[in-house]
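Visitor: Need a 3D model of the following:
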Amino acid sequence: MMPTLLLALAALLAQPAAPRFEQRTFTSPDGSMMRYGLSVPGDYNASRPRPLVLVLHPGGGGSPYYGAGFMRSIFLPGLRDLAPIMIAPDVPGRAWTEPRAEQAVMALVAAMIGEFAVDRQRILVAGFSLGGAGTWHLSARHADRFTAAIVMAGRTEEPLAALARIPTYVIHSRNDEVVPFGQAEERARALEKMGRPVRFDALSGVSHYEMGSYVDALARGGRWVSDRWGR
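Guide: Just a heads-up that it's a prediction; the model follows:
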């Protein structure tokens, strides 16, 4: 009986400590206030730099700390293997592609790098729908800051030449009734032919409104990004 209890205790102690969550506010460069959720690994130590993940939420809602809810329900389960520091702001304005939002989010990323031990070679931006469009936008304009991107159900009007200059994992459902599948597949295949570091993950039978069904694909994306980082 005692050896069994010791083994169970050892297994429990070997499990990673649960992340620590906070709800914070950040003063943007224009002086406005932006809410954001923060997740820090339970075993965080400043002597061990961690990946940083910026999460961009989809449209809708508008309740305070809207992004933090998606961080906890979708992005942390999907990207748990990265053991990252994760931030999830509420969009300032109507879209992540607006100049005001871009400026605020990039200032927040810089602030997190100043506050925590962040591995600057492992900074990921990921988002769904409205956040997917934002992920295309920010990764195209800030390839000097981000080192990978995961786009889920996102549309983009960015020039093809500006896309996927960093490792980019694209996830889209063939049954998406809001953001058409065709553009995502077309862009991803064109980028592959250009030799860009991109991977396309096509889902089937998943509605745009079934974001929870993207978690397994998000986990695949996280492993693919981690492999790219390790090279």
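Visitor: Would you indicate which residues of the longest helix along the chain are buried?
Guide: Longest helix of the chain, by residue count under DSSP state H: helix 99-115. Applying a neighbour-count criterion of 16 or more other C-beta atoms under 10 Å, the buried positions in helix 99-115 are 100, 101, 102, 104, 105, 106, 107, 108, 109, 112, 113. Heads up, the C-betas are built off the backbone N, CA and C, glycines and all.
Visitor: Same check on stretch 167-176?
Guide: By neighbour count with 16+ other C-beta under 10 Å, stretch 167-176 contains the buried residues 167, 168, 169, 170, 171, 172, 173, 176.
Visitor: on that earlier part again, sort out which one of the buried residues of helix 99-115 lies nearest residue 28 for me.
Guide: residue 104 (3.8 Å; C-beta to C-beta).
Visitor: one step back: need the max-distance pair from the buried residues of stretch 167-176.
Guide: 167 and 176 (23.0 Å).
Visitor: Can you give me every residue that contacts residue 147?
Guide: By C-beta atoms under 8 Å, 6 or more residues apart in numbering, the residues touching residue 147 are 120, 121, 122, 123, 124, 166, 167, 229.
Visitor: Spell out for me the PyMOL command that would select the buried members of these.
Guide: This is how PyMOL selects the buried members of the contacts of residue 147, with burial counted by 16+ other C-beta under 10 Å:
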select buried, resi 122+123+124+166+167+229
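Visitor: Would you check how far apart residue 79 and residue 33 are?
Guide: Between residue 79 and residue 33 the computed distance is 27 Å (C-beta to C-beta, to the nearest Å).
Visitor: who's more crowded, these two?
Guide: Neighbour count, other C-beta atoms under 10 Å: between residue 79 and residue 33, residue 79 has more, with 26 against 11.
Visitor: Grab the nearest non-local neighbour of that one.
Guide: Among residues not flanking residue 79 along the chain, residue 222 sits closest, at 4.5 Å (C-beta to C-beta, 6 or more residues apart in numbering).
Visitor: Pull the residues that contact the host helix or strand of that neighbour.
Guide: Residue 222 is located in helix 215-229, with elements delineated by DSSP states H and E. Under the criterion C-beta under 8 Å, 6+ apart, residues 51, 74-75, 77-82, 121-122, 124, 126, 147-148, 150, 152, 167, 169, 171, 197, 199, 201, 203 lie in contact with helix 215-229.
Visitor: how about the helices in the protein?
Guide: Going by DSSP H, the chain shows helices at 2-14, 66-70, 76-78, 99-115, 130-141, 181-193, 215-229.
Visitor: lowest-confidence stretch among those helices?
Guide: Mean pLDDT is lowest for helix 2-14 among the helices of the chain, at a mean of 52.
Visitor: For the most centrally placed residue in the chain, give its distance to residue 79.
Guide: Per C-alpha atoms, centre = their mean, the C-alpha nearest to the average position across the chain is that of residue 126, at 2.6 Å. In this view, residue 126 and residue 79 are 7 Å apart by C-beta to C-beta.
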